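Enquirer: What shape does this take:
(chains A and B)
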Amino acid sequence: MALKMVKGSIDRMFDKNLQDLVRGIRNHKEDEAKYISQCIDEIKQELKQDNIAVKSNAVCKLTYLQMLGYDISWAAFNIIEVMSASKFTFKRIGYLAASQCFHEGTDVIMLTTNQIRKDLSSPNQYDTGVALTGLSCFVTPDLARDLANDIMTLMSHTKPYIRKKAVLIMYKVFLKYPESLRPAFPRLKEKLEDPDPGVQSAAVNVICELARRNPKNYLSLAPLFFKLMTSSTNNWVLIKIIKLFGALTPLEPRLGKKLIEPLTNLIHSTSAMSLLYECVNTVIAVLISLSSGMPNHSASIQLCVQKLRILIEDSDQNLKYLGLLAMSKILKTHPKSVQSHKDLILQCLDDKDESIRLRALDLLYGMVSKKNLMEIVKKLMIHVDKAEGTTYRDELLTKIIDICSQSNYQYITNFEWYISILVELTRLEGTRHGHLIAAQMLDVAIRVKAIRKFAVSQMAMLLDNAHLIASNTQRNGICEVLYAAAWICGEFSEHLEEANQTLEAMLRPKVTTLPGHIQAVYVQNMVKLYASILQQKEQAGEKEAAQEITQLMIERLPQFVQSADLEVQERASCILQLIKYIQKLQIKEVPVAEEVIALFAGELNPVAPKAQKKVPVPEGLDLDAWINEPPSDSESEDEKPKTIFHDEEQRHSRHRQPEIDEEELARRREARKQEQANNPFYIKSSPSPQKRYQDTPGVEHIPVVQIDLSVPLKVPGMPMSDQYVKLEEERRHKQKLEKDKKKKKQKKEKRGKHHRHNSLHTESEEDITPAHHVDIITEEMPENALPSDEDDKDPNDPYKALDIDLDKPLADSEKLPVQRHRNAETLKSPDSEAPPVEKSKKPKKKEKKHREKERDKGKKKEKEKKVVEEKEEKKGEDLDFWLSTDPPPVSTTQPQSGPEVSAAVVAEPEEVKKEEREEQQEEDEGKKSSKHKKKKHKKEKEEKSKDKKKSKKKHHSEEEATESVQNGTLDDEPLPPMSSYRLLAENPYIKMTYDIQGNLQNDSQVTVSVIFENKSTSFLKSMELNVLDSLNTKMLRPEGSSVHDGIPVPFQLPPGISNEAQFVFTLQSIVMAQKLKGTLSFIVKNDEGSTHEKLDFKLHFSCASYLITTPCYSDAFAKLLESGDLHMSSIKVDGISISFQHLLAKICFHHHFSVVERVDSCASMYSRSIQGHHVCLLVKKGENSVSIDGKCSDSTLLSNLLDEMKETLSKC
Amino acid sequence: MIKAILIFNNHGKPRLSKFYQRYSEDTQQQIIRETFHLVSKRDENVCNFLEGGLLIGGSDNKLIYRHYATLYFVFCVDSSESELGILDLIQVFVETLDKCFENVCELDLIFHVDKVHNILAEMVMGGMVLETNMNEIVTQIDAQNKLEKSEAGLAGAPARAVSAVKNMNLPEIPRNINIGDISIKVPNLPTFK
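Expert: The predicted structure follows:
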């Protein structure tokens, strides 16, 4: 056997290791694939061996091959084998391989659950760490559900190394198993204040990630984060928090106000660019959220812009990029502040770095004004020519169109110029955005009546030069513009000067190579053209010419009739027949033009893209109701035509207008009416404005229009938009001169009349009158269109599941699934222990039982609900309180001078309190983890009975944990730190602290949780705890053991480690406090050997430890008091200086009471003992004293309780 | 969140790939190729941010990269990460590698990709930044190495000897590698923390 092992290890030496593999691959450059497949064969052999070292070596090599793109999922099972190796070296290799190739679809992944659980509770922190790291990469919903509780336990591990990993991985667990979020959240929150900066940063990380998706649920954490922000020096943490605030401020503008000051300070003080940048970003977010709320934020904006300018001017391209990125955010709300840096941004357009140019382009959008639009676009056009990559060029193209068309063509003063720009853009080859240009052409031509004539002439030219555009048609999208050109020429054919020529251009054989949908439009618009030519000719009496044109159509149309495209074919044959008929009529010399033109009578108005959707459903119409009952099996057929129809519609929607909702439209309509009314140049067809026009006297009202059509339209190339720029300049110059003249004349006249509509623009801009007076027709919307939000959220958002209210206290049912053991009624001897396999099956049943029980307690739940509501209210108030910078009306002890002060004052104690509370819970959890450890250690020792007992206790402790949260959060006031754990005994080796909790299920049992902390450098083992039972109080021992036997502590303690064990005691009477003497015996083991040690202690059972925090609502409380069966007693304590909230919290915490009602400085409180005694308190706070009146069904208990309370309070 | 961390050399050969989202092996290779394509054509002195590629990502994602000697370190992150922060993180990563490998060069990454993974695991976990303090990372790595060594114990000795012999036998390896010897120079940047 030994020989075999030696042989094995010698064989192993000559296996290829990772380095050999890499080396081999590098030496086989020519036949790499072959070499690798050979290696994979070797690996397969190695995986078959029993030696784990060989296996892990093979897996290690596989991981490398995975990186090269080889699928290694076939080795998943071997990977799991290596993961379960006992040595860290191998384990790590296994987990690495798993993290690289496991995913939700890996079927063997469910086999890992127990292994991972085992590793998570390993005494070696690196085993745990490596398991966590691996799990973070391949966690599945099942794993998340099964392991959530184990990981949660690890969040309170003694080692920060484990804690931070456990905290981080929780995010992944939440994603996969959203139900775990609420139970785990309190602890996560508490980790925000972990003493270790790494853990803290991890917690911040997780919460920020959560909050980014569903910010509103995390608003209540704002005070906590605020405190962290003002106290932390870790830039990573600060950046995360500041980013988080950026996400929170839009939800709560008051938060923004509070943030401005500290953020501004940070901006001034920090030297880290990353932090500075994030601060600026968040300040911007704040300012956006405030937008109009604060008067003095112009200073902040200035600061931001100024800092950003520094970034942009920096030689570091990264800072330049980020500066521009942030600028674009400011742009949205404060365009003016950005506009002043136009020079800088235009400069960036010339940057050699594409990323920077793209960012600068974004900014341009907001830079334009009437004055500089032409100039900027000219510059962009130069870039378009120069641009090398198509992506950048396409980006430029879309930007040009965006810039020009923004806010309903607000900045365009000369539409001729714009049309020529669009026409120029058609020269771009290989752009994907032909349809965009087409849409613009259509939109402008339809909506700007004044430009139609010009547009038609340009489009006609385009059609004439279609061969240039369509030369490489099929490949590029630019031929889409022909669609627009054809339509415009057809629809507005009355403006066409040489319609014949255009018609001929449209009938060229080359057209048939265009995409079908364009041909279809061609065919349709040919007829329009034809109709208008016919009319012309008939009116002019040129019958010959009219017949000629008919003949031309009849000759050329058949090429379209033969088209493979259905639409083209149908339209063409239809029209061909029509024209043949016309020809017949023409031969008979019947005038037909009027009738033909009537086919296309009426004007097509633009319709908003969403108009159809916005049509409100008429009252009483049920669209879902069947008109005829359908035969059941034809359903699918019914749907088919619908979808086709829908597609069709989409294809034909020509206008790609930004979505405008009705309100906005109405507003704009109103604004435009106003504008038109005030615009003296506006000539409107309806009588009333015209009248006004006639009424207004004065030279200045004569339109200054210079429709200069001397632009060389005939140049076979394309028109040059540049000329417009020149013309425009001249025009403006002239205008100015004229205006100056007028001004002199006008001096005495009112200036108001002359003001143009747009108050947004600066004086100088107002002076620019548009070259065309333009009626931009609004897209039509149905009457009573519904103003609705179109942007429905993506229903598949994986983060939606995490949209969970975290402020609600936990319900009993919300627990993480735990591997539970049978809840034994009484302790049994070890032999009756169920086999361990069954254990894993139990929990579900257990849970069920548990739930049933809870259902029985419906009443109690109702009560809880009430408490919950109250609590929620208070939560809200709390945040409000924190957010209000004004001192609250009720005078509190703390001064509320500045935001920081109030934040610190309010936030700090609250957090501390929570921390404490959580600590307790955490320690409860600690028991669970200890249990795992213990299990491991004591497998052979037949101590299983303890396991059972443990599990039972654990069960209780969980309930207590959740309850403690509930009652703790009852009152969200600032509280000092508190811990319910008291010192039991201490010596140089060990320190014991303990806490006693009543047992809900059993009226004569209490659970004592003892934390053992190893203070020495030695190993402590074989700990045994024994207590001298009294008549009244007895320690619960396993069946069959005598009263003198101690109970072994189910774990060992390495140096510096602490762990918790629980012991159950039975009692008869609970009306009096008890003291029990006991001894802990243990073995100290170190290098020198082992020694037996003992530590004596006294266990103090206070009366409060028999009480169980029970919520009670005021009606029940009142009834209870009225019943009159209660004994009464009272105490008074002087010299109390702490606030009333603190006082109540203390009583709640240490004495297990809950607040029923609180009015000013008076509160009623309630609790119940494990044996069902009701205890009611009325706490009143005077100037320096507190008086407590108590009522209880047992007078002794009451007086003892009050005594204890007195002691607690006197310590305050 | 960090979506992926890629290291490849000037020729696009992957030296480390870590994806925090599931992609098939083929897609992973495509992503690496695409990313290399995007990154490698950029000049030395342009900014280190790139709007993400088509495969990994969507509009929310960014590629943040640094180029050291023969290697590109690319992080693909979403908008929750600070751009400059990630740049600093890359710096920390490289400095840590430099410390752990003593003057790291591409060869170290080629032959010890597992170790690089282990170092990375101490910095980034499941796509979230775990630790940014270099000393802390190095301490943990050292401790793990020590643990590994102690586990190998006597049994490991022959294996170590063999690997030493193997390395001795092959002095020509470095010569095969035309570009590997250039060590990654870690410039002294204004550090983040």
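
Enquirer: How about chain B: which residue is closest to chain A?
Expert: Relative to chain A, the nearest point of chain B is residue B:126 (2.9 Å; C-beta to the nearest C-beta). For glycine as for every other residue, the C-beta is placed from the backbone atoms N, C-alpha and C.

Enquirer: Count the neighbours of that residue for me.
Expert: Neighbourhood size, residue B:126 [other C-beta atoms under 10 Å in any protein chain shown]: 24.

Enquirer: now residue A:1031
Expert: For residue A:1031, using other C-beta under 10 Å, the count is 7.

Enquirer: Quick check: it is in a helix.
Expert: No - with DSSP: H, G, I helix; E, B strand; the rest coil as the criterion, residue A:1031 is coil rather than part of a helix.

Enquirer: ok, and for the host helix or strand of residue A:254, which residues are buried?
Expert: Using DSSP states H and E, residue A:254 sits in helix A:253-269. Within helix A:253-269, the residues scored as buried using 16 or more other C-beta atoms under 10 Å in any protein chain shown are A:253-260, A:262-264, A:266-267.

Enquirer: rewinding a little: which SS class is the closest residue to the residue of chain B closest to chain A other than its chain neighbours?
Expert: Sequence neighbours aside, residue A:136 is the residue nearest to residue B:126 in space, at 2.9 Å (criterion: C-beta to C-beta, 6 or more residues apart in numbering or on different chains). Residue A:136 falls in the helix class when you classify it by three-state DSSP.

Enquirer: Isn't residue A:136 up against residue B:124?
Expert: No - the pair residue A:136 / residue B:124 is not scored as a contact, 9.6 Å apart, by C-beta atoms under 8 Å.

Enquirer: coming back round to it: who are the packing partners of the next helix or strand after the helix holding residue A:254?
Expert: The helix or strand immediately downstream of helix A:253-269 is helix A:273-290, counting by DSSP H and E. Packing partners of helix A:273-290 (3 or more C-beta pairs under 8 Å, 6 or more residues apart in numbering or on different chains; DSSP states H and E): helix A:235-248, helix A:253-269, helix A:298-313, helix A:317-333, helix B:83-101.

Enquirer: I'd like the mean pLDDT over the host helix or strand of residue A:45, please.
Expert: Assessed by DSSP H and E, residue A:45 sits inside helix A:32-48. Throughout helix A:32-48, pLDDT has a mean value of 90.

Enquirer: just stretch A:124-138 next, same as before
Expert: The model assigns stretch A:124-138 a mean pLDDT of 92.

Enquirer: again, but for stretch A:375-386
Expert: 83.

Enquirer: before we move on, what about stretch A:1029-1041?
Expert: 80.

Enquirer: Give the buried residues for that stretch.
Expert: A:1029, A:1033-1035, A:1037-1038.

Enquirer: Going by proximity to chain B, name the top residue of chain A.
Expert: For chain A, C-beta to the nearest C-beta, closest residue to chain B: residue A:136, 2.9 Å.

Enquirer: Can you give me the neighbour number for that residue?
Expert: Count around residue A:136 with other C-beta under 10 Å applied: 24.

Enquirer: what do you get for the one 4 residues further on?
Expert: Using other C-beta under 10 Å as the criterion, residue A:140 is surrounded by 20 other residues.

Enquirer: residues contacting it?
Expert: A:104, A:109, A:176 (C-beta atoms under 8 Å, 6 or more residues apart in numbering or on different chains).

Enquirer: rerun at 6 Å
Expert: Taking C-beta atoms under 6 Å, 6 or more residues apart in numbering or on different chains, we find residue A:140 in contact with A:104, A:109.

Enquirer: any idea how far it is from residue A:162?
Expert: 22 Å (C-beta to C-beta, to the nearest Å).

Enquirer: same deal with residue A:511?
Expert: 74 Å.

Enquirer: got it, and residue A:337?
Expert: For residue A:337, the distance to residue A:162 - C-beta to C-beta - is 49 Å.

Enquirer: again with residue A:563
Expert: Distance from residue A:563 to residue A:162, by C-beta to C-beta: 72 Å.

Enquirer: next one: residue A:184
Expert: In terms of C-beta to C-beta, residue A:184 sits 16 Å off from residue A:162.

Enquirer: Likewise for residue A:1103?
Expert: From residue A:1103 to residue A:162 the distance is 39 Å (C-beta to C-beta).

Enquirer: Run a quick neighbour tally on the closest residue to residue A:302 other than its chain neighbours.
Expert: The shortest distance from residue A:302 to any non-neighbouring residue, by C-beta to C-beta, 6+ apart, is to residue A:337 (6.9 Å). By other C-beta under 10 Å, 19 other residues sit near residue A:337.

Enquirer: tell me which residues in the host helix or strand of residue A:337 are buried?
Expert: According to DSSP H and E, residue A:337 maps onto helix A:335-339. Judged by neighbour count using 16+ other C-beta under 10 Å, the buried positions of helix A:335-339 are A:335, A:337-339.

Enquirer: wait, which of those residues is closest to residue A:45?
Expert: residue A:338 (67.0 Å; C-beta to C-beta).

Enquirer: The closest residue to that closest one other than its chain neighbours: neighbour count?
Expert: Nearest in space to residue A:338, with sequence neighbours left out and distances taken as C-beta to C-beta, 6+ apart, is residue A:331 at 4.8 Å. Counted with other C-beta under 10 Å, residues neighbouring residue A:331 total 21.

Enquirer: Let me see the confidence value for residue A:331.
Expert: 81.

Enquirer: Do I have it right that it meets residue A:340?
Expert: No - at 11.9 Å, residue A:331 and residue A:340 do not qualify as touching, with contact defined as C-beta atoms under 6 Å.

Enquirer: What lies in contact with the helix holding residue A:337?
Expert: Here helix A:335-339 has contacts from A:301, A:305, A:327, A:330-331, A:366-367, using C-beta under 6 Å, 6+ apart.

Enquirer: ok, back up a step: now pLDDT and distance to chain B too, for the buried residues of helix A:253-269, in CSV please.
Expert: As requested, the buried residues of helix A:253-269 are exported to CSV (pLDDT from 0 to 100; distance: C-beta to the nearest C-beta, whole Å):
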residue, pLDDT, distance to chain B
A:253, 77, 22
A:254, 81, 24
A:255, 83, 19
A:256, 81, 20
A:257, 80, 24
A:258, 83, 22
A:259, 85, 17
A:260, 84, 20
A:262, 86, 18
A:263, 87, 15
A:264, 86, 19
A:266, 86, 14
A:267, 86, 15
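
Enquirer: Nearest to residue A:1170, out of the residues you listed: which one, please.
Expert: Nearest member of these to residue A:1170, counting by C-beta to C-beta, is residue A:255, at 44.7 Å.

Enquirer: residues contacting that closest one?
Expert: Per C-beta under 6 Å, 6+ apart, neighbours of residue A:255: A:222, A:248-249.

Enquirer: Which members of those residues are classed as buried?
Expert: A:222, A:248-249.

Enquirer: so residue A:156, which of the three states?
Expert: Residue A:156 ends up coil, using three-state DSSP.
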